[in-house]
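> Quick one: sequence and predicted model below, then my questions.
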2 protein chains.
Amino acid sequence: MARRKETLRKGDLREQALLDTAEALLQHTSFEDLTVEAIAKGAGISRGSLYFYFGNKHEVLAALVERTIRAVRATADTAQDEAAAPDAAMERAVRGVEQVWRDHGTVMRAAVDYSALHPVIAGAWNDTVEAFARTMTQVLRRAGVPGGDGPEDAAALAHALCWMTERTFYRAACSPEPDLARATATTIGIWHRIMTG
Amino acid sequence: MARRKETLRKGDLREQALLDTAEALLQHTSFEDLTVEAIAKGAGISRGSLYFYFGNKHEVLAALVERTIRAVRATADTAQDEAAAPDAAMERAVRGVEQVWRDHGTVMRAAVDYSALHPVIAGAWNDTVEAFARTMTQVLRRAGVPGGDGPEDAAALAHALCWMTERTFYRAACSPEPDLARATATTIGIWHRIMTG
DNA sequence: ACAAAAGTCGACGTACTGTAGATTCTGAGC
DNA sequence: GCTCAGAATCTACAGTACGTCGACTTTTGT
């Protein structure tokens, strides 16, 4: 099997630079106030050139979110450990989520904020939470919650609790003095109560 | 005390017509695709005239959300009944939320979607959930959850669970075939487990 | 070396937004 | 019934950011 070709295109770097710039700008600017010109200029090209890389402004954000979410997924996967006790698995998962928000808070927040405006982002975000919910459904099952697809079965509870987890961290991340540790404690507390109900 | 003057200004009706039009249009158009021209025309005036009533497009949505939230608050207040058993009070509250989403789903959804883009809407929505959380904190207290301001005390749990409730109904409302009843069942199930943990 | 592909630019047309000034409607007081 | 302030409306304008286009320059593979 041939060695993977080194695709060190100049454009690949430029594309990353554009995303980096967008990420940096998002820390002080909202997406709708964010201008294509600013992103392009920050990456050292003209506005027109940006459209060589992305179809439009939304696609830039979508790519940025996708890049971030890939990192998030990797983290989420490490949390599913069949051998661990359900309670420990849950706790590890939630702590993983906390870490992800610490590392990628700005983009995650943007992803949530603009989900409503952008189907692609909404889909990516949804899939991520969904994947997390599937993992947690198994954890709940192992903790004794009955399976099935009724509104009070493991899958439905895991879904609701995953979205609660998302919301709790999102809100914490939005606050001027984010207290992610507290968010973790509250979240774990609720999951724990549900699992030992 | 003098009788309140009848302020039946022509403009008051027009203003309501503008909000009604905006609400109607929101059912088939996203806010950013919603054009000022469409709102104005729907209410029978020109684009320029709309600016006599509202400073800009965002203010229209803000006013619409505020109008809706007034109705929501009224509903929420009826749910707080000091005499009822905690479990019954909680159930009644959640069913109230379901009803509100049934009646005002479109605007509520818009409120959530555009909270990120509009501080005024975010504030109004926040206050509403916050008010609900305060009520539910009392319910949890009466159910035996300890008070205080730690991350696992009644207030923190009520907050997280209220946002979970919001998310659950929001997601249900977003789905093509909304199943609010299922959302209610799941939500009540979780609240119940927490209260009898 | 040289053609093809990748990358870049600046100018253009478009679609909105928000503003300003002129104009018409309305109704309270004389 | 006249008058006039201010409520309500319109049209035209200026501004801004978007996305497209065709021409030009650089990079890459052979």
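Arrived safely.
> rest of the way, CA atoms for contacts and neighbours
Will do.
> For chain A, name the helix or strand with the lowest mean pLDDT.
Of all the helices and strands that make up chain A, helix A:57-78 has the lowest average by mean pLDDT, DSSP states H and E, namely a mean of 88.
> Next, the angle from the helix or strand just after that helix to helix A:57-78.
Counting by DSSP states H and E, the element after helix A:57-78 in chain order, helix or strand, is helix A:86-113. Counting by axes from the mean of the first three to the mean of the last three CA atoms, to 10 degrees, helix A:86-113 lies at 180 degrees to helix A:57-78.
> Run through the neighbouring helices and strands of helix A:86-113.
helix A:10-26, helix A:57-78, helix A:119-142, helix A:154-174, helix A:180-195 (3 or more CA pairs under 8 Å, 6 or more residues apart in numbering or on different chains; DSSP states H and E).
> Could you pull up the contacting residues of the residue in chain A that chain B sits nearest to?
The nearest approach of chain A to chain B comes at residue A:164, 4.3 Å away (CA to the nearest CA). Residues in contact with residue A:164 (CA atoms under 8 Å, 6 or more residues apart in numbering or on different chains) are B:160-161, B:163-164, B:167.
> still on that earlier bit, now the least confident helix or strand of chain A, how far from the chain's geometric center?
Computed by CA atoms, centre = their mean, to the nearest Å, the chain-centroid distance of helix A:57-78 equals 6 Å.
> Pull out the buried positions in that helix.
In terms of neighbour count (16 or more other CA atoms under 10 Å in any protein chain shown), helix A:57-78 has its buried residues at A:57-66, A:68-69, A:72-73, A:75-76.
> Pull the contacting residues for the closest residue to residue A:116 other than its chain neighbours.
In space, residue A:116 comes closest to residue B:113 once its chain neighbours are excluded; the distance is 5.3 Å by CA to CA, 6 or more residues apart in numbering or on different chains. Residues near residue B:113 by CA under 8 Å, 6+ apart: A:113, A:116-117.
> Equivalent analysis for residue A:43, please.
Taking CA under 8 Å, 6+ apart as the test, what residue A:43 contacts is A:14, A:17-18, A:21.
> same thing but 10 Å
Remark: with contacts taken as CA atoms under 10 Å, 6 or more residues apart in numbering or on different chains, residue A:43 is in contact with A:13-22, A:37, A:50.
> ok, and which of those reach DNA strand D?
Counting by CA under 7 Å from any atom of the strand, the subset of the contacts of residue A:43 that neighbours DNA strand D consists of residue A:37.
> Between the contacts of residue A:43, which sits nearest residue B:141?
residue A:22 (45.6 Å; CA to CA).
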